[in-house]
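**Q** Sequence below, structure please.
(2 chains)
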2 protein chains.
Amino acid sequence: MEEKVISKAVISRLPRYYRYLEELKAEGVERISSKELSERMQVTASQIRQDLNNFGGFGQQGYGYNVAYLHETIGKLLCLDKDHPIVIVGIGNIGRAMAEYLKNREAVFYPIGLFDKDPERKGQVVADLPIRGMDELKGFLSENPVDIGIIAVPKENAQEVAEELVNGGIKAIWNFALIDLNLNLPDDVVVENVHLLESLMRLSYNLDMKEKK
Amino acid sequence: MEEKVISKAVISRLPRYYRYLEELKAEGVERISSKELSERMQVTASQIRQDLNNFGGFGQQGYGYNVAYLHETIGKLLCLDKDHPIVIVGIGNIGRAMAEYLKNREAVFYPIGLFDKDPERKGQVVADLPIRGMDELKGFLSENPVDIGIIAVPKENAQEVAEELVNGGIKAIWNFALIDLNLNLPDDVVVENVHLLESLMRLSYNLDMKEKK
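**A** As a prediction, the model looks like this:
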């Protein structure tokens, strides 16, 4: 695979391409033109061609894209051909939901350790895993291969938890706390902030604008 | 409030401004310059000035922004001065977590009705609300003021549920199903798709890229 710098905007669109290709594959579609894909995804055919050109020429003029090949290639780019064991810290509503959600998908992202500082939660079983105390986190990370840490604690505790994860060797954090964790962690740590409340606020703004029209 | 067209990019940044202003207010900060705010938020001061200029001159040269005023004004823009009663359809892991999460915040977004097609879930109580059957949705929407519908059903059922909500008068949908609901609904319905798995895939991609460096 050619190693060129791909823009953040393109990367952010890759999972969506992957999803549409998965659907096409499930429908038995073998080839698709940028025009047909553009109608389905409601983006311009030219954007599709530009985006997919980043990964070398999947498309053949007049023949369209090979669905299975493109699906597999984007899957590999997204690292979906590798296992991603996960620890979740904070087993409240969101942490619990993520544990069950990921377990039920039986996919490459799966929780192997759950941690919470609340002694009353310790020992409870969620998604077939026992909830462990925070004092066990360091040892667990040193003994198990963990790729991703999910943070689902209140924002006041999120930075501290992030640092514990990073000290334990974690390089990727999926953060649900309403704080921008990317701002105060080492540069080699990647963070995706999922700020649910901010998404809800955008919805509320857009609703209000429509109503004013 | 001046009614001008504000770009999607600016709108998508508003909740983040709101969050930082809320923190500043809690810290007792009364005024802040675009430079100080830019250091805190790690965006350029010029972007901050451009963004905030969209809403009329909050900032006075040399005096900085009035934190309380800016916080209140952005809050109103985001419609946080109004109540937003919500129904949630699909009370699995995600729907349940959202019901509890929103209830616990005691804020302007709060669930008033929960619906699920599974007869075994009917009557269970989540976030102090009984889970109702799907046959009750239409009547509920006609009798209660509902602003926002949350969809947390499998993607196979999401379009159908969205149409039921829209037929019941809902104009805003917060969608957790892995499908782009905005593509096949009337134009006056606003949708925020929260595709959690795609966020996780971006994290996995970025982790892989860092490791290759």
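**Q** can you give me the strands in chain A?
**A** For chain A, strands defined by DSSP state E occupy the ranges A:31-32, A:59-60, A:64-66, A:84-89, A:109-115, A:125-126, A:129-132, A:148-151, A:172-175, A:190-193.
**Q** And the contacts of the fourth one?
**A** Right, the one you point to is strand A:84-89. By C-beta atoms under 8 Å, 6 or more residues apart in numbering or on different chains, the list of residues contacting strand A:84-89 from outside reads A:95, A:98-99, A:102, A:108-116, A:134, A:137, A:140-141, A:144-153, A:161, A:164-165, A:170, B:204. All C-beta spots, glycine's among them, are computed from the backbone N, C-alpha and C.
**Q** for the last one, same thing?
**A** By C-beta under 8 Å, 6+ apart, the list of residues contacting strand A:190-193 from outside reads A:171-175, A:179-182, A:185, B:199-200, B:202-203, B:206-207, B:210.
**Q** Now restrict those to buried residues only.
**A** Buried members of the contacts of strand A:190-193, counted by 16 or more other C-beta atoms under 10 Å in any protein chain shown: A:171-175, A:179-182, A:185, B:199-200, B:202-203, B:206-207.
**Q** from the residues you listed, which is closest to A:Ile32?
**A** Nearest to A:Ile32, judged by C-beta to C-beta, of these is B:Arg202 at 23.4 Å.
**Q** The closest one touches A:Ser12, doesn't it?
**A** Yes: judged on C-beta atoms under 8 Å, B:Arg202 makes contact with A:Ser12 at a distance of 6.2 Å.
**Q** same for the top helix by length along chain A, what does it pack against?
**A** The helix spanning the most residues in chain A, taking DSSP state H as the definition, is helix A:8-26. In terms of contact count using 3 or more C-beta pairs under 8 Å, 6 or more residues apart in numbering or on different chains; DSSP states H and E, helix A:8-26 is assigned the packing partners helix A:34-41, helix A:45-53, helix A:67-77, helix B:196-212.
**Q** Output that helix in CSV with nothing but the alpha carbons.
**A** The C-alpha trace of helix A:8-26 is given here as CSV (Å, rounded to 0.1, in the frame of the first residue of the first chain):
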residue,chain,number,x,y,z
LYS,A,8,-8.3,14.3,7.7
ALA,A,9,-11.5,15.0,5.7
VAL,A,10,-10.9,11.9,3.5
ILE,A,11,-10.1,9.7,6.5
SER,A,12,-13.2,10.8,8.3
ARG,A,13,-15.2,9.7,5.2
LEU,A,14,-13.6,6.2,4.9
PRO,A,15,-15.9,4.4,7.4
ARG,A,16,-18.9,5.6,5.5
TYR,A,17,-17.5,4.3,2.2
TYR,A,18,-16.8,1.0,4.0
ARG,A,19,-20.4,0.8,5.2
TYR,A,20,-21.9,1.4,1.8
LEU,A,21,-19.5,-1.1,0.2
GLU,A,22,-20.5,-3.6,2.9
GLU,A,23,-24.1,-3.1,2.0
LEU,A,24,-23.4,-3.5,-1.7
LYS,A,25,-21.5,-6.6,-1.1
ALA,A,26,-24.3,-8.0,0.9
